[in-house]
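Asker: Requesting a structural model of the entry that follows:
(2 chains)
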There are 2 protein chains.
Amino acid sequence: MKLAIIGFGGMGNWHYENISERVPEIEVVGAYDIRPEIQEQIKDLDLKCYSSLEDILEDKSIDIVTIATPNNSHKDYVIKCMEHGKNVICEKPVTMNAEELEEIIKVRNKTGKLFSIHQNRRWDRDYAIIKQIQEDNTIGKFHMIENRVQGSRRAMHGWRAYKENGGGMLLDWGVHLLDQMMELVKSPVTQVYAHFFSLYSEEVDDNVKIMLKFGDGTSGLIEVSTNCFINQSRWHVTGDEGTAIIKNWECEGEIVKLDSTAPMEWSDQIVYTEAGPTRTMAPRPSETTINLELPVVKTDWTDYYKNIVAAIKGTEKLIVTPEQALRVMKVIDLIFESALKEKSKSCNI
Amino acid sequence: MKLAIIGFGGMGNWHYENISERVPEIEVVGAYDIRPEIQEQIKDLDLKCYSSLEDILEDKSIDIVTIATPNNSHKDYVIKCMEHGKNVICEKPVTMNAEELEEIIKVRNKTGKLFSIHQNRRWDRDYAIIKQIQEDNTIGKFHMIENRVQGSRRAMHGWRAYKENGGGMLLDWGVHLLDQMMELVKSPVTQVYAHFFSLYSEEVDDNVKIMLKFGDGTSGLIEVSTNCFINQSRWHVTGDEGTAIIKNWECEGEIVKLDSTAPMEWSDQIVYTEAGPTRTMAPRPSETTINLELPVVKTDWTDYYKNIVAAIKGTEKLIVTPEQALRVMKVIDLIFESALKEKSKSCNI
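Answerer: Down below sits the predicted model:
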């Protein structure tokens, strides 16, 4: 299948390189970018350099358009491409808000074209490991999930620093972590609450901490920091029967769970620990728990594009759907409202 | 000074042993407990075994009474003791709610007796280290503070399992963490939001996660878990210029802060990291930061009782005051309300 890219900045380039090297099912034919200097780069790569959006829309050879422009321009590009018979992949966040995405979904329904969002972090190994632990029921039902991405560069890049472009960390990384969390918990989001910071960015959120409550009682914590110099764990998940931790992007971590063959004897005595006098917080005897390695999981990002091709052909169900993204965007709308009004928001999303 | 103890369970015993061994300024004369089997224990220790509350109230030799009974009985004991001319120390949580404490404060004002709450964890080394980092301004103004105590014994001990006694983890450990957090941040609490769990306790909270917002913008996270098998850091604090972490009760940890002599050069290129393609979350070059050891701080719990003696003599200001505890109890009342109503609460406490 033949693909064109709209917006040939950092991520546009990344799609080009990775599809070309790793997805033989798709050929990147050309790209369109409004910036003259980027048009030169496109030509230098021996790609077709479209001179306008209309050029792409009228190119009958193009099956798929990938859109990697600033967030505030996604909606118009997506709708025009579908109306001209293209299947469309859009970078995340799919739109500025849920309302824009609802407009897109109407056009998708009318045109019958495929529309997906590049939530590539569903193929991240850390997330896949947590999903595997859930499927294997290794630690029982999840109660508390913490999903964090922390960095310390303290800068928003390019248009990501501007509100009108849909900048800020909630829409940049937060949308990934929310998408992961909401895929993981099979229950509606019922409450959101957020603390936002703009520590060195003039108009967008550069550090965010969010709590989510789900209908089944699960508590989710999401943090995206750009001002954190000692990272906490990428994932920390506690379930009925144990805890799993993934410390970093390299997926170091472990699982500790109850050994059902060695129940705990409860002592009436206060235990004198490093924590001071306590019974409740005294260390559990190690013979009552089992330590497990994290499951070995292989992920391949190219499965995203392979699924797109198969879904267009009708041989597979689309994995990342706009309906999923709509739930996430509705939650994002409420998180912005929670941060602005400084109160939690109840919902059923 | 001579001291009597009311309630000779786990903590009552602990006060007796520790005062006797480590606080020469105070002599523990006797104790009162309603349970016959505990009365035998008191006698076996060669302590005076008071047969009723009135016995203590009428014992003119007693300067200080320490109360270590279930939480719902604190108020009446405290008030009666002060009305009979005793100085009073009460175990935490001081009362079931703010209203009860306000009654006590009125009696304190009327009688002029000393009244303090045994918030012994202000003398914990981990807390003292964080306070030192704040005083030294090592990482600048604090923005995000996480203060956690996690265990995995999954059991509430004795009366701590019952609502009517003031059981549950918010009133048990939460009151310590709130007291620490509210001493640390010199600004009113403006929002509280909480997730409560009763995973294996029938009527009280056994796992809680709380977010606090302060008037100066600081974000606080407090967690008390009894179902966590891999502990997160005891403290994680990020400020303007760096992050401090205290991993455990042994106070292992470190500080990483910006090196102001080595500013970061910002690259336009996406960095291909273990995290995938990213600029924002790419690791910061290590030459732009400095690693520091945690400050060496010595704490001595006996300073709590030494301050009580000095405050009664009028030579020192009381460190743990009921006015501080009243702020904490007001926040606790709101946290219970937040958990019950499933929404955040705004305040100015």
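
Asker: Contacts only, for the residue nearest to residue A:62 when sequence neighbours are not counted.
Answerer: Distances taken as Cβ to Cβ, 6 or more residues apart in numbering or on different chains put residue A:4 closest to residue A:62, at 4.9 Å, once the chain neighbours are dropped. Heads up, the C-betas are built off the backbone N, CA and C, glycines and all. Counting by Cβ atoms under 8 Å, 6 or more residues apart in numbering or on different chains, residue A:4 touches A:28-32, A:48, A:50, A:56, A:59, A:62, A:64-66.

Asker: With neighbour count and pLDDT as new columns, can those residues be given to me in a markdown table?
Answerer: Formatted as a markdown table, these follow (neighbours: other Cβ atoms under 10 Å in any protein chain shown; pLDDT from 0 to 100):
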| residue | neighbour count | pLDDT |
| --- | --- | --- |
| A:28 | 21 | 98 |
| A:29 | 19 | 98 |
| A:30 | 23 | 98 |
| A:31 | 28 | 98 |
| A:32 | 26 | 98 |
| A:48 | 18 | 98 |
| A:50 | 23 | 98 |
| A:56 | 24 | 97 |
| A:59 | 17 | 98 |
| A:62 | 23 | 98 |
| A:64 | 25 | 98 |
| A:65 | 26 | 98 |
| A:66 | 27 | 98 |
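
Asker: Output the helix or strand where residue A:194 lies as CSV - backbone C-alpha positions only.
Answerer: Element membership for residue A:194, per DSSP states H and E: strand A:189-197. Backbone C-alpha positions of strand A:189-197 (Å, rounded to 0.1, in the frame of the first residue of the first chain) are rendered in CSV as follows:
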residue,chain,number,x,y,z
VAL,A,189,-13.7,6.2,34.4
THR,A,190,-15.9,7.7,37.2
GLN,A,191,-13.7,10.5,38.7
VAL,A,192,-10.8,12.6,37.5
TYR,A,193,-8.7,15.0,39.6
ALA,A,194,-5.6,16.9,38.5
HIS,A,195,-2.8,19.1,39.6
PHE,A,196,-1.2,21.1,36.8
PHE,A,197,2.1,23.1,36.9
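
Asker: Paired strands for it, with orientation please.
Answerer: strand A:207-214 (antiparallel), strand A:345-346 (antiparallel) (DSSP bridges).

Asker: rewinding a little: please, which helix or strand holds the residue nearest to residue A:62?
Answerer: Judged by DSSP H and E, residue A:4 forms part of strand A:2-6.

Asker: what sits against the closest residue to residue A:282 other than its chain neighbours?
Answerer: Distances taken as Cβ to Cβ, 6+ apart put residue A:271 closest to residue A:282, at 3.6 Å, once the chain neighbours are dropped. By Cβ under 8 Å, 6+ apart, the contact list for residue A:271 reads A:277-279, A:282.

Asker: Beta-bridge partners for residue A:271, please?
Answerer: Beta-bridge partners, per DSSP bridges, of residue A:271: residue A:278.

Asker: wait, isn't residue A:201 in contact with residue A:160?
Answerer: No. Between residue A:201 and residue A:160 there is no contact under Cβ atoms under 8 Å: 9.1 Å.

Asker: Relative to chain B, which residue of the stretch 1-150 of chain A is the closest?
Answerer: residue A:10 (4.5 Å; Cβ to the nearest Cβ).

Asker: Do a quick rundown of the strands in the stretch 1-150 of chain A.
Answerer: In the stretch 1-150 of chain A, strands defined by DSSP state E, counting those that start in this stretch lie at A:2-6, A:27-32, A:48-49, A:64-67, A:87-90, A:115-117, A:142-150, listed in chain order.
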